[in-house]
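Asker: Sequence first, predicted model second:
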Amino acid sequence: MATKTPPAKKVVVKRRSSVPPQYVEPPKDDRPVYHEKIPVGRLEVDPSLDAQRIFQRPWANKLASIWNPAVLLAAIVSKREDGRYYLLDGQHSTKVAVDKHGPDFERHCMVYEGLTRAEEAALFLAANRDRKAVRPVDNFRVALTAGDELVTRINNEVESCGLTVTGSTSANQIGAVQAVVAVGTKREGLLPKVLNTLAAAWTKDRTTWDNMAIRAVGMVIDTNWDTVQLDRLARTLQKAPVGHWKMHAVRMTTSGGGSNSRSLPLAENIVTAYNSGLRDRKKMLVSPARATEAAEE
């Protein structure tokens, strides 16, 4: 019996349009814009300017913890009629530079002159609002390429568990990049204990590498570093699927919360279940919340 030959697909060749592209004439802008290195002690913040965010000490502290002046990007500055330099973008890193190196440290700046207050506000928005946020996995990959010590160590710890950090989650891939970095930052060696415990409890499955679960188990092990028995912890987690643990944590959180805020009640639930049946108090785990309160007293 003869076989039918499938009809040949018609190839459609798209012809290039003969109409030239129509460009919009840009508005004329004669305002001076130039690069200059300026001592950070001369860079000011106008408290009355709506085009500047309120100073946030936690963000400055985070910048200070990863500070590297060699990769400090240029600040955006407005030089006003009185000759003074006002920051439109870069106030937190400038404050860290002052604290680290003193007011004479010279910072690269992109300087604009002749701006109105409305134009200053527009530049602030262009630098902060009008750009797409970088995905955590892209930040992770770039930091890895740059040879960042912390990220390199975290990546090595993940790979030691037979896993990789990616933009999506599967059996052997972790997409919860922020959770991985948060746990890995706490202390060296914590992340492998967390990942191996999760795998022992729920096997290597895409639902195992959950943001909340990674953070919560990280809290439990970190708080009880010298007392926790990882095999018992794995058996405790194994009593219910990931979704069940998460559901109860969400119920304990006001308005549901985010994955970070729900991790603490999830950790509390894990500690309670782990301690169930133990009589020797020395073998019992301490809840992360209680350990934090004790440290603050």
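Answerer: Perfect, thanks for sending it.
Asker: going forward, measure contacts between C-alpha atoms and count neighbours the same way
Answerer: Noted.
Asker: Now do the SS call for the closest residue in space to residue 37 that isn't next to it in sequence.
Answerer: The shortest distance from residue 37 to any non-neighbouring residue, by C-alpha to C-alpha, 6 or more residues apart in numbering, is to residue 108 (4.5 Å). The assignment at residue 108 comes out as strand when based on DSSP: H, G, I helix; E, B strand; the rest coil.
Asker: does residue 108 really touch residue 35, like I thought?
Answerer: Yes: the pair residue 108 and residue 35 qualifies as a contact (C-alpha atoms under 8 Å) at a distance of 7.1 Å.
Asker: Could I get the full set of helices for the chain?
Answerer: 57-65, 91-101, 117-128, 136-145, 149-160, 177-186, 190-202, 211-223, 230-238, 242-251, 259-275, 288-296 (DSSP state H).
Asker: Export those helices as JSON lines, with columns for mean neighbour count, distance to residue 46 and mean pLDDT.
Answerer: Shown next, in JSON lines, are the helices of the chain (neighbours: other C-alpha atoms under 10 Å; distance: least, C-alpha to C-alpha, whole Å; pLDDT from 0 to 100):
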{"stretch": "helix 57-65", "mean neighbour count": "13", "distance to residue 46": "17", "mean pLDDT": "89"}
{"stretch": "helix 91-101", "mean neighbour count": "19", "distance to residue 46": "10", "mean pLDDT": "95"}
{"stretch": "helix 117-128", "mean neighbour count": "16", "distance to residue 46": "11", "mean pLDDT": "85"}
{"stretch": "helix 136-145", "mean neighbour count": "15", "distance to residue 46": "31", "mean pLDDT": "92"}
{"stretch": "helix 149-160", "mean neighbour count": "18", "distance to residue 46": "36", "mean pLDDT": "96"}
{"stretch": "helix 177-186", "mean neighbour count": "19", "distance to residue 46": "34", "mean pLDDT": "96"}
{"stretch": "helix 190-202", "mean neighbour count": "22", "distance to residue 46": "43", "mean pLDDT": "98"}
{"stretch": "helix 211-223", "mean neighbour count": "24", "distance to residue 46": "39", "mean pLDDT": "96"}
{"stretch": "helix 230-238", "mean neighbour count": "17", "distance to residue 46": "53", "mean pLDDT": "97"}
{"stretch": "helix 242-251", "mean neighbour count": "16", "distance to residue 46": "42", "mean pLDDT": "86"}
{"stretch": "helix 259-275", "mean neighbour count": "20", "distance to residue 46": "34", "mean pLDDT": "87"}
{"stretch": "helix 288-296", "mean neighbour count": "12", "distance to residue 46": "36", "mean pLDDT": "64"}
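Asker: residues in contact with the residue nearest to residue 37?
Answerer: Going by C-alpha atoms under 8 Å, 6 or more residues apart in numbering, residue 108 touches 35, 36, 37, 38, 73, 74, 75.
Asker: Tell me how many other residues surround the last one.
Answerer: What that stands for is residue 75. Residue 75 is surrounded by 22 other residues when neighbours are defined as other C-alpha atoms under 10 Å.
Asker: Identify the bridge partners of it.
Answerer: Residue 75 forms beta bridges with residue 109, as assigned by DSSP bridges.
Asker: Just to check, it is in contact with residue 90?
Answerer: Yes: using C-alpha under 8 Å, residue 75 makes contact with residue 90 at a distance of 5.1 Å.
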